[in-house]
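Visitor: The sequence and its predicted three-dimensional model are supplied below.
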Amino acid sequence: MKAKLILFDFDGTLVDSKAIFFELYNELATQKGYKLLDSENIHYLRSLSIKERCHYLGIPLYKIPFIANTLIKKFHASVGRLQCNEGMKPLLNTLDTEGYAYCIVSTNAKKNIKSFFEMQGVAIPEIYTSSKVFGKDVLLRKLLKDKNLQWEEVIYIGDEARDIVACRKCNIPVVWVSWGYDSAEAITQTPPDYTANTPAELQELIKQLVSVQG
């Protein structure tokens, strides 16, 4: 049975927002006394779990939701600098042209995501968001209920271990893309159902796993 709907994560998967978030984080870290991000430690941090990253940076784990919300509020001013990951804008245009149904599921703010699609001249998909960094499974269950879909009728495409964990809680098949925030080392304890190392590989997976609608 092929899926009817593709669920895309936004940051890291569709867009390269790392530079913006790193800049915003370093501004906050300077104020709070956390360890700064630099070109040397960013690669290492991609291989760690969120708990391990917090320990390395000197951030109490319970503060992560507050920090994330602070950064996302400041993010809107930098949306104009945001770019699609290489190959992802053509992929989205192909999905639109060929009749694949997809929407965005993200912990970024809806106004940030909508503004980005408007600036890129890409058709604005339906957008589901939540401010809870570790609550994406709740958002996924809400989406399934709203759409009257079963778990096997959707497929999720994301770049982080927390995406995979959220999908596991809902039994949703998940594709992990290797170009985002988490490296292969970071997901060893939470292996995905499928892996895509390039947008071309992702497009082939979509053709295999998702049916064209309408």
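Guide: All right, it came through fine.

Visitor: Show residues contacting the helix or strand containing H55.
Guide: According to DSSP states H and E, H55 maps onto helix 50-57. Applying C-beta atoms under 8 Å, 6 or more residues apart in numbering, the contact partners of helix 50-57 are A29, Y34, K35, N41, L45, L48, I59, P60, L61, I64, A161, R162. (Each C-beta comes from the backbone N, C-alpha and C, glycine too.)

Visitor: same check, this time on stretch 147-160
Guide: Residues from elsewhere that reach stretch 147-160 (C-beta under 8 Å, 6+ apart): 1, 3-9, 12-13, 105, 140, 143-144, 163-164, 167, 170-182, 186-187, 196, 202, 209-210.

Visitor: where exactly do the strands run in this protein?
Guide: Taking DSSP state E as the criterion, the chain carries its strands at 5-8, 102-106, 126-129, 154-158, 174-177, 194-196.

Visitor: Which strands and helices lie in contact with the fifth one?
Guide: The elements that strand 174-177 packs onto, with contact taken as 3 or more C-beta pairs under 8 Å, 6 or more residues apart in numbering; DSSP states H and E, are strand 154-158, helix 161-170, strand 194-196, helix 199-209.

Visitor: any chance you could map the helices in the chain?
Guide: Secondary structure of the chain (DSSP state H): helices at 18-32, 41-46, 50-57, 64-75, 88-98, 110-120, 136-147, 161-170, 199-209.
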